[in-house]
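Undergrad: the sequence and its predicted three-dimensional model are supplied below.
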Amino acid sequence: MKKLLATMVLGLLFSGNVSAETLEKKRGNYIYNNLSFEYNECQHYFMIMSEAIRTNNPDPKLIKNYVDNSKLVGDIAFMYGEDANMSLDGMIARSKQISDKMLKSLSNNFANIAVLQVKYADLCKGLIESPELRNQYWINKANKKYP
């Protein structure tokens, strides 16, 4: 009887640790997936902005700034995607969906670039200038979703 009781207690202790790890993993995947998505959105926002500027006002310095920002946030999106256990195919597919959605919102016309600026400019600027704020936002959301 004592042996059975000891086995049950140990089993409960181990199952509690497994649940806690699973909960932490769920939170982590949630955080990293959402951050990856937002950084991926900003990657396309910056790239489309660079093309719109190239078309309407070919300022090489401004174009380079947007291209550099696109590369930076694209690398971060990929890193967070890996942390969320996304496959490369999954990240590529999501990236295409984001790009298609953004171009559609412009009616494939850079004259409508303000549509993207209104939606993404502040978020994307914040991701570059103070990423810790957005990280904390998703940490807080994950803690509420997976208490």
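TA: Perfect, thanks for sending it. Numbers count the residues shown, from 1 in each chain.

Undergrad: low-confidence ranges in this structure?
TA: 1-21 (pLDDT under 70).

Undergrad: and if we set it to 90?
TA: Within the chain, the stretches with pLDDT under 90 are 1-21, 54-59, 108.

Undergrad: now the helices: where do they sit in this protein?
TA: Secondary structure of the chain (DSSP state H): helices at 2-56, 60-83, 88-105, 114-129, 131-145.

Undergrad: now do the contacts for the residue positioned nearest the centre of the chain.
TA: Centroid check for the chain by CA atoms, centre = their mean gives residue 36 as the closest residue, at 2.1 Å. Taking CB atoms under 8 Å, 6 or more residues apart in numbering, we find residue 36 in contact with 77, 78, 79, 80, 81, 83, 84, 86, 91. The C-beta positions use only the backbone N, C-alpha and C, and glycine is treated the same way.

Undergrad: and stretch 105-113, which residues are buried?
TA: By 16 or more other CB atoms under 10 Å, the buried positions in stretch 105-113 come out as 106, 110, 113.

Undergrad: can you check stretch 120-132 too?
TA: Within stretch 120-132, the residues that qualify as buried are 120, 124, 127, counting by 16+ other CB under 10 Å.

Undergrad: any idea how far the closest residue to the second one other than its chain neighbours lies from residue 66?
TA: Put plainly, it is residue 124. Distance criterion CB to CB, 6 or more residues apart in numbering; nearest residue to residue 124, sequence neighbours excluded, is residue 42 at 3.8 Å. Distance, residue 42 to residue 66, using CB to CB, to the nearest Å: 11 Å.

Undergrad: then residue 88?
TA: Here residue 88 is placed at a distance of 25 Å from residue 66 (CB to CB).

Undergrad: and residue 140, by the same measure?
TA: Counting by CB to CB - residue 140 and residue 66 are separated by 30 Å.

Undergrad: compare the two (neighbour count), which wins?
TA: For the pair residue 140 and residue 66, the greater number of neighbours falls to residue 66 (19 against 11), based on other CB atoms under 10 Å.
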